[in-house]
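Participant: Sequence first, predicted coordinates after that:
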Amino acid sequence: MKSSDTLLLRAPVAHFSSGSVTALILPLLILLDAAMVGSAYGLAYWVRVELLPVPEVLPPARVYLSLACFLAFLTPLVFGFSRVYSLRWRPLFEELSRIAIGTVLLAGIQFTTIFFFRDLLPHPDFTFSRLIALMGCFFSALGVSLVHQAARKLLQRCFRAGVGTRRVLVSGDEALLRQREHLLLQGVELVDHCAPTLEGMDRALAQDHADLVLLRQQDWPPSQLYLAFQLASRRGAELWLLPDAVQLTTARQHLTELGGIPMIALQRTPLHNPLNRLLKRGLDMSIAALGLLILSPLMLAIVAAIRLSSSGPVLYVQERISRNGQTFKMYKFRTMALDSEHATGPVWARVGDPRITPLGRFLRRASLDELPQLINVLRGDMSFVGPRPERPHFVQRFELEVIDYPDRHLVKAGVTGWAQINGLRGDTSITERTRYDLYYVENWSIFFDLRIIARSFWTVIKDFWTRRAY
C-alpha cells in the first residue's frame, strides 16, 4: 500500500469535485493546445519571412500551412501519449515536463514527415527551413505552457471561490489541517475536524456535507470501521483510511497467484528495479561532475577563506548512515570551532549556536557548507536526491521514536530531499520529516528527482534571505 494513496474503502458517491471541473475544462484545453501548435508554426514562418533574410529556395506558405495543420491535428494524440492531460492535480514542474516531452515528440514527427515527403515539394530546389522547424517547436512549447498555466490559475480561482472543490472531513490527523491553504489550491477543501467516534462523524457529516471522510486507522477499532463505512455511504460520502505507521511499509501491492492460490505481491520501492537505479545513478554522476567542474573556483575560494579565518582542517568528515544502514564518511566544509562537541556530545546546531564561526554562519545560511558532498555523490556514497543522512547516534534514537524510520534507508541518502524543500530541515519534527521521506521512497521517479532539484535551488535562495538556515 502506498501511504500517498491509502484508499482502502469506498462508498459510491456523486459529487462535483475538482476532477469534475477539470473534466469540463479539458476539452477546451485540448482544442487550445492544437490551435496553439498550429499558430506557433505560422508565427515561426512569419518571423522567418518577415524579419530575417529569405533564401530563394524557401517553399511557399501553403506547404508550411499544411504541415502546421497536420501537427495541430496530431497534437491531442501526441500530448495524450505524453500524459499531458490528467484529471488529477499535478505539480507545475511535472506538467511542464510532460509538455516538453510532447513538444519534442511533435518535433520528431515534423522532421520525419519532412524527410519522407520532401520529394512532393512543387520545386526540386526547395528545401525546408530548419530554423522554422526549431522556432515552431519553441513557440509551441511556450504557447502551450502559457495556456496550461492560465488554466491552472483559473482552476485555483474556482477552488478559492469554493467552486468544484472536494469537501473533506478529517478525523484524527491534525497534520493535514496545517496544509489547508496548500490543499485548497489543489481542489481539496478541509471543511472540519471531528472526534474519532461514530457520533462525532455523523454530526460533522450532517453539518458540513462533506463528500470524503479521512479516518486515521489507529483511532478506530476494526469493529467500528465497517459501521463508519456504512455511515459515510448513507451520507453520500466516500471513506478513505490513513494507515498507521505499521502499515506504511513502503510497499506497492499487486494481485498475483501461486499454484492457483490468490496472493498479494509486494514490491518494496521503485528503486528496487535495477534499471531505475541505473537511471538515477547516471543522473547523480552527471550532476556531481558538472557541479564540481562549475563550482570548483567557488569551492577553492571557500577553502582559502576557512584557512584564513580559523585554524584547523578545511573539511569536516563525519560518519553518517545511508542505504541499508551502511555507514560512510560524509564531507562538509567546517563551519564550527575545533572540538565543538567535546563538552556537549552529539547535538544538532541551533539558532545562534556559539560553536559556529562567523564564516561558518554565512556558509550554513547559504548551504555552501554542503558542496563537498558532491564528492560523496560522485563516489556513490550518496545520491543527489534522497533522505538526508543522520549520524548513527541519532539514527538509533529516531528508530525508537518513529517505528517506520528505518524505511528511509531503503534508498541512498541525499544532498537534498523532499522533506527539505518542504521546510523540514534542521531541528524540525522527525515524525513529519520521516513522513515526507517515505513519500519520496515510495513514489520515486526521475521526474520527481528533477522537480526536487529545481525546487532546491529556490529553497536555498529563499532560506538565505529569510535566515531560516542556520
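Facilitator: Looks like it arrived, so ask away.
Participant: Kindly tell me how buried Val163 is, as a neighbour count.
Facilitator: 13 (other C-beta atoms under 10 Å). All C-beta spots, glycine's among them, are computed from the backbone N, C-alpha and C.
Participant: Report the secondary structure state of it.
Facilitator: With DSSP: H, G, I helix; E, B strand; the rest coil as the basis, Val163 sits in coil.
Participant: Now do it against Leu155, distance only.
Facilitator: 9 Å (C-beta to C-beta, to the nearest Å).
Participant: Okay, helices next: where are they in the protein?
Facilitator: Ranges of helices in the chain, per DSSP state H, are 18-46, 61-81, 92-117, 130-160, 180-184, 198-208, 222-234, 274-309, 358-365, 373-379, 392-401, 418-421, 430-442, 446-466.
Participant: Let me know the angle separating the last one from helix 430-442.
Facilitator: Calculated by axes from the mean of the first three to the mean of the last three C-alpha atoms, to 10 degrees, helix 446-466 forms an angle of 150 degrees with helix 430-442.
Participant: Extract the residue ranges of this structure that are flagged as low pLDDT.
Facilitator: In the predicted model, the chain carries pLDDT under 70 at residues 1-23, 54-59, 87-89, 117-128, 172-178, 185, 243-268, 339-353, 467-470.
Participant: How many neighbouring residues does Ala304 have?
Facilitator: Going by other C-beta under 10 Å, the residues that sit close to Ala304 add up to 11.
Participant: shouldn't Leu242 be in contact with Gln217?
Facilitator: Yes. Using C-beta atoms under 8 Å, Leu242 is in contact with Gln217, at 6.3 Å.
Participant: In terms of neighbours, single out the busier of those two.
Facilitator: Leu242 (21 against 17).
Participant: That one pairs with what?
Facilitator: Leu242 has the following beta-bridge partners by DSSP bridges: Arg216.
Participant: How about the contacts made by Asn422?
Facilitator: Tyr436 (C-beta atoms under 8 Å, 6 or more residues apart in numbering).
Participant: any idea how far it lies from Arg235?
Facilitator: The value you get for Asn422 to Arg235, if C-beta to C-beta is used, is 33 Å.
Participant: One more: Val402?
Facilitator: For Val402 relative to Arg235 (C-beta to C-beta), the value is 35 Å.
Participant: Repeat that for Glu50.
Facilitator: Glu50 is 63 Å from Arg235, by C-beta to C-beta.
Participant: what do you get for Gly187?
Facilitator: 21 Å.
Participant: With Leu359 instead?
Facilitator: 61 Å.
Participant: Can you pull the domain assignment for the protein?
Facilitator: As given by automatic domain parsing, the domain ranges for the chain are 20-160, 166-247, 274-466.
Participant: can you give me the end-to-end distance of the last one?
Facilitator: The separation between the terminal residues of domain 274-466, taken as C-alpha to C-alpha, to the nearest Å, is 41 Å.
Participant: Give me the distance between that domain and the centre of its chain.
Facilitator: Centroid displacement of domain 274-466 relative to its chain, using C-alpha atoms, centre = their mean, to the nearest Å, is 18 Å.
Participant: do stretch 105-115 as well
Facilitator: Computed by C-alpha atoms, centre = their mean, the separation of stretch 105-115 from the middle of its chain amounts to 31 Å.
Participant: Can you give me the buried ones in it?
Facilitator: Within stretch 105-115, the residues that count as buried by 16 or more other C-beta atoms under 10 Å are Leu105, Leu106, Ala107, Gln110, Thr113, Ile114.
Participant: Save these as TSV, and put in distance to Asp369 too.
Facilitator: Listed next are the buried residues of stretch 105-115 as TSV, based on distance: C-beta to C-beta, whole Å:
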residue	distance to Asp369
Leu105	42
Leu106	44
Ala107	42
Gln110	48
Thr113	53
Ile114	52
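Participant: Among those residues, give me the pair with the biggest separation.
Facilitator: Leu105 and Ile114 (15.2 Å; C-beta to C-beta).
Participant: For Ile375, list the residues it contacts.
Facilitator: So Ile375 contacts Ala288, Leu292, Tyr331 (C-beta under 8 Å, 6+ apart).
Participant: neighbours around the first one, how many?
Facilitator: When neighbours are defined as other C-beta under 10 Å, Ala288 has 22 of them.
Participant: ok, now how distant is it from Ala337?
Facilitator: For Ala288 relative to Ala337 (C-beta to C-beta), the value is 30 Å.
Participant: The last one too?
Facilitator: Summarising the geometry, the distance separating Tyr331 from Ala337, computed by C-beta to C-beta, is 18 Å.
Participant: between the two, who's got more neighbours?
Facilitator: Set Tyr331 next to Ala337 and count neighbours by other C-beta under 10 Å: Tyr331 wins out with 21 against 15.
Participant: So what pairs up with the more buried one in the strands?
Facilitator: Assigned bridge partners for Tyr331, using DSSP bridges, are Val317.
Participant: same check, this time on Val385
Facilitator: Bridge pairing for Val385 - DSSP bridges - gives Thr416.
Participant: That one: neighbour count?
Facilitator: Neighbours of Val385 (other C-beta under 10 Å): 30.
Participant: Ok, Gln318 next?
Facilitator: A count of neighbours around Gln318, defined by other C-beta under 10 Å, yields 13.
Participant: what's the closest residue to it other than its chain neighbours in contact with, if anything?
Facilitator: Among residues not flanking Gln318 along the chain, Met330 sits closest, at 5.4 Å (C-beta to C-beta, 6 or more residues apart in numbering). Each residue near Met330 by C-beta under 8 Å, 6+ apart is listed here: Val317, Gln318, Glu319, Arg320, Gln373, Asn376, Asp381, Met382, Pro389.
Participant: Spit out the contact partners of the second one.
Facilitator: Which is Gln318. Listed by C-beta under 8 Å, 6+ apart, the contact partners of Gln318 are Lys329, Met330, Lys332, Arg391.
Participant: Let's have these in TSV, adding distance to Phe139.
Facilitator: Shown next, in TSV, are these (distance: C-beta to C-beta, whole Å):
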residue	distance to Phe139
Lys329	50
Met330	46
Lys332	45
Arg391	52
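Participant: out of those residues, which are buried?
Facilitator: Met330, Lys332, Arg391.
Participant: and the second one, what does it touch?
Facilitator: It refers to Lys332. Leu315, Tyr316, Gln318, Asp369, Glu370, Pro372, Gln373.
Participant: if I look at the third one, how far off is Ala304?
Facilitator: To Ala304, Gln318 is 23 Å away according to C-beta to C-beta.
Participant: before we move on, what about the fourth one?
Facilitator: Summarising the geometry, the distance separating Asp369 from Ala304, computed by C-beta to C-beta, is 15 Å.
Participant: and if you look at the fifth one?
Facilitator: The gap separating Glu370 from Ala304 is 18 Å, by C-beta to C-beta.
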